[in-house]
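Student: Pasting the sequence and the predicted model now:
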Amino acid sequence: MNYHYSMVIQWSEEDRLFLVHLPEFPWQQFHTHGRTYEEAAKNGQEVIETFVEIFKEENKPLPEPRILPTKPLQVG
């Protein structure tokens with residue numbers, strides 16, 4: 001199932017890995033990582049799916065996905 005949650009992937013020079021933060025699940029700064037951007041994104045998706053399963057099993061409400069602006073940003 002697809003869930004529209006945010007995923008922030010950033011390179012860590014110190015760890016030499018891409019670190020993944022999930023803003024809608026803010027209880028820890030980074031939730032997973034990967035050696036490549038693609039691996040980090042895949043691992044992040046797996047963590048989201050796991051969190052959703054846990055929330056459902058515990059009858060907890062899922063966090064609301066963040067809404068992106070619908071109007072284009074003007075630069076210049």
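Tutor: Arrived safely, thanks for sending. Numbering: from 1, shown residues only.

Student: So residue 33 is in contact with residue 14, correct?
Tutor: No: taking contact to mean Cβ atoms under 8 Å, the distance of 11.9 Å between residue 33 and residue 14 leaves them out of contact. (C-beta placed from N, C-alpha, C; glycine too.)

Student: neighbour-wise, which of those two wins?
Tutor: Taking residue 33 and residue 14 together and counting by other Cβ atoms under 10 Å, residue 33 has the greater number of neighbours (16 against 7).

Student: which one is that one nearest to, not counting chain neighbours?
Tutor: In space, not counting the residues next to it along the chain, residue 33 is nearest to residue 17; the distance is 4.5 Å by Cβ to Cβ, 6 or more residues apart in numbering.

Student: Pull the contacting residues for that neighbour.
Tutor: Residue 17 makes contacts with 11, 33-35, 40, as judged by Cβ atoms under 8 Å, 6 or more residues apart in numbering.

Student: Check residue 63 too.
Tutor: The neighbourhood of residue 63, defined by Cβ under 8 Å, 6+ apart, consists of 5, 24-25.

Student: Do a quick rundown of the strands in this protein.
Tutor: With DSSP state E as the criterion, the chain has strands at 8-12, 17-21, 32-34.
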